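# sharing a sequence plus its predicted fold:
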Amino acid sequence: MNAFSSYAQQHDSGISHQLPDNLNYLCDINLEKPHFLIEGILPRNGLSAIVGPSYCYKTFIALDMALSVAACLPFHEMDTQQGTVIYVNGEGRYGIMTRINAWCQSKSLDPKRLPFILSKSPINLRDPAELAKLLDIYQNIPDVRLIVIDTLNRNAGGMNENAPVDMAEFVNACSSMVHHFDCAVCVIHHTGKDTSSGARGHSSFYAALDTEISVKKLGDHDVQMICSKQKDAPEFETMQFIAVSTLDSIILEKTETRKANSKNKLTADQKLALECLQELIEANTATNGDVAGKNVHLDKWRHEFKRRHTGDNDKSKNTAHQRARNTLVSLKFVEVKDDFYSLGDKTT
């Protein structure tokens, strides 16, 4: 009788045979479907990355996710699990705080009431002493659900990103946080000069990821969030956002997903919204003249759209108008200033 046959008999008899914590026989493994911190996007326990070139709204997407988790709000209709967020910020508090305040303003929330921890400066995660201080937070705050590292370069102690040993030290530090807090760790990282080649640095970083989110900017105001890796679940569908000015910063509002070079074919809701705006402008112009009549306030446009839309309820009509409006602006059919809308170059 071999060792496993002996173990199997003991197992069937209810006798426990202790193995090291990280080793199990197949008969002792009970697999569960992956659990998500953000539905279908961010695993509850794992390492993820948001990757893209500079100035493509990576931090805005990360903050949108992180603040949604802290506030227990859906991330653009995707359910979240609420918990404390630790945001390891490597690029200055002032800019991050203006973005946080803008997001909270858009949700009518007080940022001071959110379980959101923001670092004063970068943390060298490859330094065992600094990593230990971060892990010690668990003693007082056991409900950490998400740790955001912004960015890899700023929080890795000047590592050589192309060196396998240096990258392994960084990845191991991230894995330590995942297992210690039983949480999600999300790293913001840059692409190289060839953006099509993915994340900058050694390939072991990509290999270690459970989820990779690639960020692609379209034009001046639009950005796409693309799933470029989802190890243990189906890849989520590409999401597209438009940057909207709020306070001294911007927020991202979801809009229709489109290809960068596709023909601008409008949906039924977009056609209805554009038609409503055109008719309101025509009526305004007839009454107030060309200059005063060419702009229509958001409330008036939305009211006319909802009056003619066939949605089931007021909420669905508001959502349909918001998405159609954002897309029309991003496609330059419509222009906006201070909540007053006019026809864009592609329409006139």
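Cool, got the structure.

# tally of neighbours for the residue nearest to residue 160 when sequence neighbours are not counted?
Leaving out its chain neighbours, the residue that sits closest to residue 160 by CB to CB, 6 or more residues apart in numbering is residue 166, at 5.0 Å. Where you see a C-beta, it was placed from the backbone N, CA and C, and this is true even at glycine. Counted with other CB atoms under 10 Å, residues neighbouring residue 166 total 18.

# show me what the strand or helix carrying residue 166 is packed against.
Using DSSP states H and E, residue 166 falls within helix 164-181. With contacts taken as 3 or more CB pairs under 8 Å, 6 or more residues apart in numbering; DSSP states H and E, helix 164-181 sits against strand 46-52, helix 128-135, strand 144-150, strand 184-190, helix 204-208.

# can we see that at 6 Å?
strand 184-190, helix 204-208 (3 or more CB pairs under 6 Å, 6 or more residues apart in numbering; DSSP states H and E).

# right, so the ones you listed: which one is the most enclosed?
strand 184-190 (a mean of 25; mean count of other CB atoms under 10 Å).

# got the contact list for it?
Strand 184-190 has contacts (CB atoms under 6 Å, 6 or more residues apart in numbering) with 37, 42, 47-51, 58, 62, 146-152, 174, 177-178, 199-200.

# direction included, what does that strand pair against?
Next to strand 184-190 in the sheet, as set by DSSP bridges, lie strand 46-52 (parallel), strand 144-150 (parallel).

# thinking again about what came up before, reformat the helices and strands packed on helix 164-181 as CSV; add mean pLDDT and distance to residue 299.
Shown next, in CSV, are these (pLDDT from 0 to 100; distance: least, CB to CB, whole Å):
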stretch, mean pLDDT, distance to residue 299
strand 184-190, 97, 37
helix 204-208, 97, 47
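
# reformat the ones you listed as TSV; add distance to residue 302.
Shown next, in TSV, are the helices and strands packed on helix 164-181 (distance: least, CB to CB, whole Å):
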stretch	distance to residue 302
strand 184-190	35
helix 204-208	44
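
# out of those, flag the one nearest residue 285.
Of all the helices and strands packed on helix 164-181, strand 184-190 sits nearest to residue 285, with 47.2 Å by CB to CB.

# for the record, mean pLDDT for the host helix or strand of residue 317?
Per DSSP H and E: residue 317 is located in helix 314-330. The average pLDDT within helix 314-330 is 93.
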